[in-house]
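[1] Next one to model:
(2 chains)
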Amino acid sequence: MKRHSIAPRPGWQDFASSVGFEFHTIDNERYWDESAYYQFSLAQIEQDLEAPTEELHQMALDLVPDILADERLLRQLAIPERFWDFIANSWRNGEPHLYGRMDFSYNGTGPAKLLELNYDTPTSLFETGFFQWVWLEDQLMRGQLPQGADQFNSVQDKLEQAFAQLPLAQPFYFSSVTESIEDKGTVDYLMDIALQAGLDCRYIQLEQLGDIEGQLVDMAGFAVNGLFKLYPWEFMLQEDFASTILTSKTQWLEPIWKLLLSNKGILPLLWQKYQGHPNLLPAFFADNSQVEPGWVKKPLFSREGANIELVTASGQRLTEDGPYTDSGYIRQALAPLPKFGDSYTLIGSWVVGDSAAGICIREDNSLITKDSSRFLPHIILD
Amino acid sequence: MKLRPSKRSQKAALIFMLPAAGLVLNGCAEKEVTAQVFSTPDECAAFYNPPAQCQAAFAEAEQLHPKVAPRYANKQECEADFGAGQCETAPEQHQQGSFFMPMMMGFMAGQMLNRGGLAAGSGQATSQQTAGATGRNTVPTQPLYKSRDDRNTFRTATNTAVASQSGTTTIRPSAVQPKPATLARRGGFGAQAAQRSANRSYGG
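    Here you go, the predicted structure:
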């Protein structure tokens, strides 16, 4: 695993804008950063990332029935009691899931350490599946990368297969929060792939969803029988339409059982069940008190690095503010992100259906990766 | 030399995210289908349709009428749209009295009536039966209305003009799907996003 500088493609910003990737630069800060790339060997990809991703995914799935069968665990994960049966049914009925991303601390040697599962609303999907793929093809064509360079990135192929094969209601609706152009970008990308797979898809702003006698409806009042929502389940369960979730004939993506896996509480539960697994970090449920050196504290529900507290082995304490202060916490042993130059580097590993589907790389000048962290492309070359 | 399989997608094409492709999603592929429009079951029968089927379609539309007809808080507002004497009380009450709705002025028979083996209908009947499973590709039998200022035109409960005379007409099924007259509650999702506006994304 190496970091190489490379000249950005001339005019890539115009291309990005032309495909709706407007958030490549945010507040004059680079988000998509192609001034460098990472190189992995095939063995690093297949043995250290791909295989552990699929193994960890199965381990996480195996925990779902354990949690559903144990009220104490459901309480520890702060799952509202009125939804327990509903979530259990969603799991028992085998409601299909589409995708997820796990984040790793990995420096090229030794086992990748699982930091967390983003199994409900993962983003940076378009950047991974499309934009970094095009970057590789362009740079190969321009002779700027060695011939034979590959990329661990079958995200789009696998999503298209999933949309073609999953038993989904039609029309299938896609929704996101109106104000977020980034989330709209992710949803547009998914809709584009779904369309290519032959699905009848419609977009509806999340706030525009309606309720008629307990059935979720679109703007014209038609029943929404299938809905992809880029919005956290734990939010939805607290909002006015929470009871609509229980009554509406709607197939959800992600299905509600994934709420259990996107919860940071899954990390201590994985550790309890598979203590000592090479890809797991010691993790425990915790309260809101300060953590010791060498530990990280995370809220059960949080996104994009918000409300994380981290104390390095030498006692340096880093915190990230955020809006997720209303749930319990876990603590996890610190596996500091490797440093390449001035950047700390995190690897996101995608799961589509139940298969590992590729990686994305985020860089930040802090040990805590955030939504503003730069996205860099990668290649595979032995 | 043996080529190892690539670890990346075979292609990464986009359709509608590309600038010129906005039209792809606009339902341009939807086929028009035929339906028949009549004021009464007798008129339907006079168009060489089996009287029993005309009666059945009329009864189906009549049953749907109180569920889908547009609602007005009082008679005056309803008659302003549909004309004097053209409104009746709706099943629901509000605090000041009854809701009002326009009277049913005709019906649309969506399923092809069996017209004694007329060739025109046979192919369509098959395709409609197939499409029936998905629901949105057929024209449901439903009540029709006429507005005060345009007494010739038959309109659906959602004010889509479907014909200006009785008999066969062609329509896009998605334009004539009946929906409950009840108003939907909206805005039930998204409140947490508004409260936690620190984030620019609600994913992760």
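
[2] who touches A:Thr128 in this structure?
    By C-beta atoms under 8 Å, 6 or more residues apart in numbering or on different chains, A:Thr128 lies in contact with A:153, A:155, A:348, A:350, A:358-360. Backbone N, C-alpha and C define where each C-beta goes, glycine included.

[3] Pick out whichever of those sits closest to chain B.
    A:Asn153 (4.6 Å; C-beta to the nearest C-beta).

[4] For beta bridges, what are the partners of the closest one?
    Applying DSSP bridges to A:Asn153 gives these bridge partners: A:Gly358, B:Arg8.

[5] That one: neighbouring residues, count only.
    For A:Asn153, the neighbour count with other C-beta atoms under 10 Å in any protein chain shown is 28.

[6] How much space separates it from A:Arg202?
    A:Asn153 sits at a distance of 28 Å from A:Arg202 (criterion: C-beta to C-beta, to the nearest Å).

[7] repeat for A:Pro377
    32 Å.

[8] Quick check: pLDDT value at B:Ser39.
    With respect to pLDDT, B:Ser39 scores 95.

[9] That should have said B:Asn199, apologies.
    Reported pLDDT for B:Asn199: 62.

[10] Longest helix in chain B, please.
    Secondary structure of chain B per DSSP state H: the longest helix is helix B:51-68.

[11] Does anything pack onto that helix? Which helices or strands?
    With contacts taken as 3 or more C-beta pairs under 8 Å, 6 or more residues apart in numbering or on different chains; DSSP states H and E, helix B:51-68 sits against helix B:41-46, strand B:106-109, strand B:142-147.

[12] Can you give me the buried ones in it?
    Judged by neighbour count (16 or more other C-beta atoms under 10 Å in any protein chain shown), helix B:51-68 contains these buried residues: B:53-54, B:56-58, B:60-61, B:64-68.

[13] got it, and stretch B:96-108?
    Residues of stretch B:96-108 classed as buried: B:98-108 (neighbour count, 16+ other C-beta under 10 Å).

[14] cool, and stretch A:39-54?
    A:39-40, A:44-45, A:48-50, A:52-53.

[15] Just want to check the distance between A:Glu182 and chain B.
    As judged by C-beta to the nearest C-beta, to the nearest Å, A:Glu182 and chain B stand 4 Å apart.

[16] That residue belongs to a strand, doesn't it?
    No - counting by DSSP: H, G, I helix; E, B strand; the rest coil, A:Glu182 is not part of a strand but helix.

[17] excluding its backbone neighbours, what's nearest it?
    Nearest residue to A:Glu182 in three dimensions, chain neighbours excluded: B:Ser201, at 4.5 Å (C-beta to C-beta, 6 or more residues apart in numbering or on different chains).

[18] swap in A:Glu127?
    Nearest residue to A:Glu127 in three dimensions, chain neighbours excluded: A:Phe375, at 5.0 Å (C-beta to C-beta, 6+ apart).

[19] beta partners of that neighbour?
    When bridges are called by DSSP bridges, A:Phe375 pairs up with A:Trp32, A:Arg362.

[20] got it, and B:Phe107?
    Beta-bridge pairing for B:Phe107 (DSSP bridges): B:Phe38, B:Pro143.

[21] wouldn't A:Val155 be in contact with A:Ser355 here?
    No - here A:Val155 lies out of contact with A:Ser355, judged by C-beta atoms under 8 Å, at a distance of 10.3 Å.

[22] out of those two, which sits in the more crowded spot?
    For A:Val155 and A:Ser355, the more surrounded residue by other C-beta under 10 Å is A:Val155, and the numbers stand at 29 against 16.

[23] Next up, the contacts around the more buried one.
    Applying C-beta under 8 Å, 6+ apart, we find A:Val155 in contact with A:125, A:128-129, A:350, A:352, A:357-358, B:9.

[24] all helices of chain B, in order?
    In chain B, the helices defined using DSSP H lie at B:41-46, B:51-68, B:75-82, B:119-131, B:191-195.

[25] Going by mean pLDDT, which of those helices comes out lowest?
    Mean pLDDT is lowest for helix B:119-131 out of these, coming in at a mean of 35.

[26] Tell me the one of the contacts of A:Val155 nearest A:Asp382?
    Set against A:Asp382, the nearest of the contacts of A:Val155 by C-beta to C-beta is A:Gly358 (18.1 Å).

[27] follow-up on the earlier one: can you flag which of the buried residues of stretch A:39-54 belong to strands?
    A:39-40 (DSSP state E).

[28] With that, I have no additional questions.
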